[in-house]
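Colleague: Got a predicted structure here, sequence first:
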Amino acid sequence: MQTVQGYRFLTVEDADAMTEEENLRLFKKHIGQNLGKMLSMLGFADAIPVRAEGMHITLNDGREILDMTGHVGVLVAGHNHPRIIEARRKWGERRGLETWKFFPSPYQGALCHNLSLIFPEDLEIVFFCNSGAEANEGAMKLAQKYAGPERKMVAFTDISFHGKTHATLTVSGSEQHQNHHFNKLENCHMVKYGDFEALRELVESNLIRKGVSRVGTFIVEAIRTEGVVKPDSRYFQQVRQLCDQYDIALIFDEIYTGFGRTGKMFAFEHHGVSPDICSFSKAFGGGKATFAGFITRPSIYNKAYAKMNEATLHSTTYNGYGEEIVSSLEVLQIIQDERLVENSEEMGAYLLHRLEEVQREYSDLVAEVRGVGLLCCIKFKSKTEKLLRMISSTGSEAMEKFVTGAIITKLFQEHNILTFTPPHDSAQLLITPSLIIRKEHVDQFIEALKQVLGSSLWTVGFSYMKKLKG
């Protein structure tokens, strides 16, 4: 420890020397009791990661873990890609300006230029920030300012997640059951995902005058991440036409799906349409920078922020620090050089093929598998649910946790594979590995999953449920 003004601060070396018990105690005390309990239940608190490289995480007990989560889609190029580390090292050694608040940054300009090349049409004006929620906040503010005071209504979909700030929670349909705790934005209206008529009815039932609707914004995911829900492309073509007809700003949220996750650079490319505003994050920082942004058309941005005194109407302190910028410059180059979008398409098809094989072999436990690129999910059903209902008062969500929690734990503890379940559907595993994944990694995961599904989940499942209720 170090003593500074009477305080005994813990150091990196102190953290390195912590036992698993000390680590979990501090986590529960200072970060979250229930979150710590959840990680402990799944077995994730039994060891401490000491190294991460490519597709693997090394624990302090010597185990090498295959990461099939991509750490919630962040790791487009794997853990600690050497080129990103080298780019950041070179930048740090320059002792250059990090906070470009008072000078135009040539590095930001270069990154914006590169983004304008990979986005279609005239999407070319960029705002940088720190997280997906912040990107969506900025995108919605831009759309609202563009639409003007008469057209404040925002349309969003029933299955969606755009963040956990007040505004983004309001338009996150999948959070509706639990966001009653928080204040919501006014004038936000939910429609069914993939239902064009529901959107058209909302727009046209709120006409102010001919050709002008109170609906000024529609925020949507081109492919819904959880459950991998992909509407028919005609839906988004109709949406694009409707937005053009009524001058509605169409926002595509590509926080999770952007930069190759679905086998195309962006998920909206599957539908042959382009947004007016697009938010992005996660993979954009390459797992080394907490970086996000949104991109828009000049016609949208210049109308919204046309006056000199509106130049900073939307801003953030950490608007593209130098090290974040050079990280993302390198990320985009790696995606191109290593053909990661193409690999996502190829390996995603192979992963889905093998998941379908699992579904056929274990149809009593596997309800459904879906996949687009390396955005895949497997949904489980519980053959023991009827019995569990007879002996337990727990609800259906707990029944789902019994199965998925047991599978996640056995994959991790017995097969050294990291998987996760998304926050809004406990019955599924969301499988989003890094885009550098190879066939041998897919095969390792599938064979382990088969062994887990073919074994008894009772012991680990009841242990999980006991901890859940305790």
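Modeller: Arrived safely.

Colleague: ok, Val154 - contacts?
Modeller: Contact analysis of Val154 by C-beta atoms under 8 Å, 6 or more residues apart in numbering lists 140, 143-144, 171, 185, 187-189, 215-219. To be clear about C-beta, it is placed using only N, CA and C from the backbone, and glycine gets the same treatment.

Colleague: Let's see which of these end up in strands.
Modeller: Taking DSSP state E, the ones among those that sit in strands are Cys188, His189, Val215, Gly216, Thr217, Phe218, Ile219.

Colleague: Dump these into CSV; add distance to Ile85 and neighbour count as well.
Modeller: Putting the ones in strands among the contacts of Val154 into CSV (distance: C-beta to C-beta, whole Å; neighbours: other C-beta atoms under 10 Å) gives the following:
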residue, distance to Ile85, neighbour count
Cys188, 42, 17
His189, 46, 16
Val215, 46, 26
Gly216, 44, 25
Thr217, 39, 28
Phe218, 40, 27
Ile219, 35, 26
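
Colleague: Now render those as a markdown table, adding pLDDT.
Modeller: Formatted as a markdown table, those follow (pLDDT from 0 to 100):
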| residue | pLDDT |
| --- | --- |
| Cys188 | 95 |
| His189 | 97 |
| Val215 | 98 |
| Gly216 | 98 |
| Thr217 | 98 |
| Phe218 | 98 |
| Ile219 | 98 |
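
Colleague: Low-confidence ranges, the stretch 201-350 of the chain, go.
Modeller: Applying pLDDT under 70 to the stretch 201-350 of the chain flags no residue at all.

Colleague: ranges for the helices of the stretch 351-470 of the chain?
Modeller: 385-391, 396-415, 439-453, 458-469 (DSSP state H, counting those that start in this stretch).

Colleague: ugh, wrong one, I meant the stretch 151-300 of the chain
Modeller: Under DSSP H, counting those that start in this stretch, the stretch 151-300 of the chain gives helices at 166-170, 196-204, 233-246, 298-304.

Colleague: Please name every helix or strand in contact with the helix or strand Met347 falls within.
Modeller: Using DSSP states H and E, Met347 maps to helix 340-361. Using 3 or more C-beta pairs under 8 Å, 6 or more residues apart in numbering; DSSP states H and E, the elements in contact with helix 340-361 are strand 366-372, strand 375-380, helix 439-453.

Colleague: The same query, at a cut-off of 10 Å, please.
Modeller: helix 322-337, strand 366-372, strand 375-380, strand 428-431, helix 439-453 (3 or more C-beta pairs under 10 Å, 6 or more residues apart in numbering; DSSP states H and E).

Colleague: Return the angle between stretch directions for it and helix 439-453.
Modeller: 30 degrees (axes from the mean of the first three to the mean of the last three C-alpha atoms, to 10 degrees).

Colleague: Show me what counts as buried in helix 340-361.
Modeller: Neighbour-count burial for helix 340-361 flags 340-341, 343-345, 347-348, 350-352, 354-355, 358-359 (criterion: 16 or more other C-beta atoms under 10 Å).

Colleague: From those, pick the one nearest Ile251.
Modeller: Ile251 lies nearest to Val341 out of the buried residues of helix 340-361, by C-beta to C-beta, at 22.6 Å.

Colleague: How about the closest one: what's its closest non-neighbour residue?
Modeller: Nearest residue to Val341, sequence neighbours excluded (C-beta to C-beta, 6 or more residues apart in numbering): Gly260, at 3.9 Å.

Colleague: Am I right that the one you found is in contact with Gly373?
Modeller: Yes: between Gly260 and Gly373 a contact is recorded at 7.2 Å, counting by C-beta atoms under 10 Å.

Colleague: where do the contact lists of those two overlap?
Modeller: Taking C-beta atoms under 10 Å, 6 or more residues apart in numbering as the contact rule, Gly260 and Gly373 both touch Val341, Asn343, Ser344, Glu345, Gly348, Leu435.

Colleague: Put together CSV for the buried residues of helix 340-361, with distance to Glu20 on each row.
Modeller: Below are those laid out as CSV (distance: C-beta to C-beta, whole Å):
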residue, distance to Glu20
Leu340, 35
Val341, 39
Asn343, 35
Ser344, 35
Glu345, 40
Met347, 34
Gly348, 35
Tyr350, 36
Leu351, 32
Leu352, 36
Arg354, 34
Leu355, 33
Val358, 32
Gln359, 36
